[in-house]
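Trainee: Sequence below, structure please.
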Amino acid sequence: MPHIVLENINATKEAYEAVQPFTNKIEGGMLKVMYKFINSTEQTVLIEALAIENGKNQNFFVQLSQKKSSLTVRLLPLTDPEKTNGVKSIMALIAKQIKDSNANIVYGKNNLEDFLIE
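Mentor: Have a look, this model is predicted:
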């Protein structure tokens with residue numbers, strides 16, 4: 001399962017506030033982040049996303065989960081999209097928005113190295 005751990009972040013709400021909706025055109029389609037939701041305990045965020053690649057539409061949620069001083073960006077298992085380059089790119093773009101919001105945040109363990117942008 002694709003994932004990105006962001007280190008040195010202590011508040012899920014900080015990540016929630018950093019994520020902004022976007023639409024990116026790509027060759028053969030579009031990547032879009034539309035809505036974001038945070039639970040009442042401010043420990044989990046869901047981000048609604050859409051990847052359109054070569055005529056195939058995939059709606060899914062990216063989940064942000066807090067652990068002590070790190071945050072994991074991963075796909076919500078219930079929406080389990082095909083792990084296309086567009087889906088992985090959306091996850092990386094979300095992680096970059098969060099990383100860019102605070103100079104202390106760094107990329108930790110992940111399996112999306114080819115998609116991460118410094």
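Trainee: Could you list the buried residues of the helix or strand where Ile98 lies?
Mentor: According to DSSP states H and E, Ile98 maps onto helix 85-100. Neighbour counts over helix 85-100 (16 or more other Cβ atoms under 10 Å) mark 86-96, 98-99 as buried. Any C-beta I mention is one placed from the backbone N, CA and C, and that applies to glycine too.
Trainee: do stretch 43-59 as well
Mentor: 44-53, 58.
Trainee: got it, and stretch 66-86?
Mentor: Buried-residue list, stretch 66-86, by 16+ other Cβ under 10 Å: 66, 70-76, 81, 86.
Trainee: Strands - which of these land there?
Mentor: Members of the buried residues of stretch 66-86 lying in strands (criterion: DSSP state E): 66, 70-75.
Trainee: Make a markdown table out of these and add pLDDT and distance to Met30.
Mentor: Shown next, in a markdown table, are these (pLDDT from 0 to 100; distance: Cβ to Cβ, whole Å):
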| residue | pLDDT | distance to Met30 |
| --- | --- | --- |
| Gln66 | 93 | 30 |
| Ser70 | 96 | 31 |
| Leu71 | 97 | 26 |
| Thr72 | 97 | 26 |
| Val73 | 98 | 20 |
| Arg74 | 97 | 22 |
| Leu75 | 97 | 19 |
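Trainee: Sort out which one of these lies nearest Ile9 for me.
Mentor: Leu71 (4.9 Å; Cβ to Cβ).
Trainee: Might you report the residue contacts of the residue of the chain most remote from its centre?
Mentor: Distance from the C-alpha centroid of the chain peaks at Gly55, with 22.3 Å (Cα atoms, centre = their mean). By Cβ atoms under 8 Å, 6 or more residues apart in numbering, the contact list for Gly55 reads 28-29.
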